[in-house]
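>>> Sequence and predicted model, in that order:
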Amino acid sequence: MYSPDPAQQRRVFLTAWHKARTGQSLSALEQRLAAIIAWHPELQPALAAPDVLERVWDAAAGEHNPFLHWGLHLSVQEQVGLDNPPGIRALHQRLLQACRGDAHATEHRMMHCLIAALHELPQQGGFQPRPYLACIERQLDQPSRPLAG
């Protein structure tokens with residue numbers, strides 16, 4: 001799915017959502033993408049915007065890029081599926097239990113840690129799995145809270 005072209009990446013999401021809504025058969029990846037999009041009805045209107053392939057969201061102005069958000073969900077799912085970094089699958093299972101089986105809430109907590117790890121890349125000189133996994137482990141001690149998108 002990786003492409004340096006944001007429009008091409010976004011088309012993958014758009015196609016998966018269109019196929020899901022029209023009852024067409026979906027690949028395994030498209031099924032996952034459609035499920036992720038379905039978790040976020042508040043972000044779905046962006047898919048119908050005429051400039052959806054080119055739009056740049058301004059985080060400083062409080063805008064949320066739905067493709068970035070959905071992509072983070074997919075990244076977490078891939079990491080768990082591959083158990084990479086090693087140990088993340090077991091942490092995911094423990095966090096899933098702490099979130100009372102709510103996979104969406106579990107992924108959001110893990111995404112919080114992934115974003116923090118990505119922000120640290122320039123200072124760390126590359127991805128450092130230990131602080132990332134430690135952040136996820138700290139999420140186990142956080143009380144359940146409502147999702148914020």
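Right, received. Where do you want to start?
>>> May I have the secondary structure class of the residue nearest the centre of the chain?
Central residue of the chain (Cα atoms, centre = their mean): H73, 1.7 Å from the mean position. With DSSP: H, G, I helix; E, B strand; the rest coil as the basis, H73 sits in helix.
>>> Can you report how many residues lie near the nearest residue to it once chain neighbours are set aside?
The shortest distance from H73 to any non-neighbouring residue, by Cβ to Cβ, 6 or more residues apart in numbering, is to I36 (4.6 Å). (Each C-beta comes from the backbone N, C-alpha and C, glycine too.) Residues contacting I36 under the criterion other Cβ atoms under 10 Å number 22.
>>> do A48 as well
For A48, the count of nearby residues is 9 (other Cβ under 10 Å).
>>> and the gap between it and E54?
Using Cβ to Cβ, to the nearest Å, A48 is found at 15 Å from E54.
>>> on contacts alone, who are the packing partners of the single longest helix found in the chain?
Scanning the chain for the longest helix, with DSSP state H as the assignment, gives helix 103-124. Judged by 3 or more Cβ pairs under 8 Å, 6 or more residues apart in numbering; DSSP states H and E, helix 103-124 is in contact with helix 66-82, helix 88-98, helix 129-139.
>>> by contact count, what packs against the helix or strand harbouring the residue nearest to H73?
Using DSSP states H and E, I36 falls within helix 28-38. If contacts are counted by 3+ Cβ pairs under 8 Å, 6+ apart, helix 28-38 sits against helix 6-21, helix 66-82.
>>> Just send the ones you listed back as a markdown table, with distance to R89 and mean pLDDT too.
Below are the helices and strands packed on helix 28-38 laid out as a markdown table (distance: least, Cβ to Cβ, whole Å; pLDDT from 0 to 100):
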| stretch | distance to R89 | mean pLDDT |
| --- | --- | --- |
| helix 6-21 | 24 | 96 |
| helix 66-82 | 5 | 97 |
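>>> just the angle between the helix holding I36 and helix 6-21, please?
80 degrees (axes from the mean of the first three to the mean of the last three Cα atoms, to 10 degrees).
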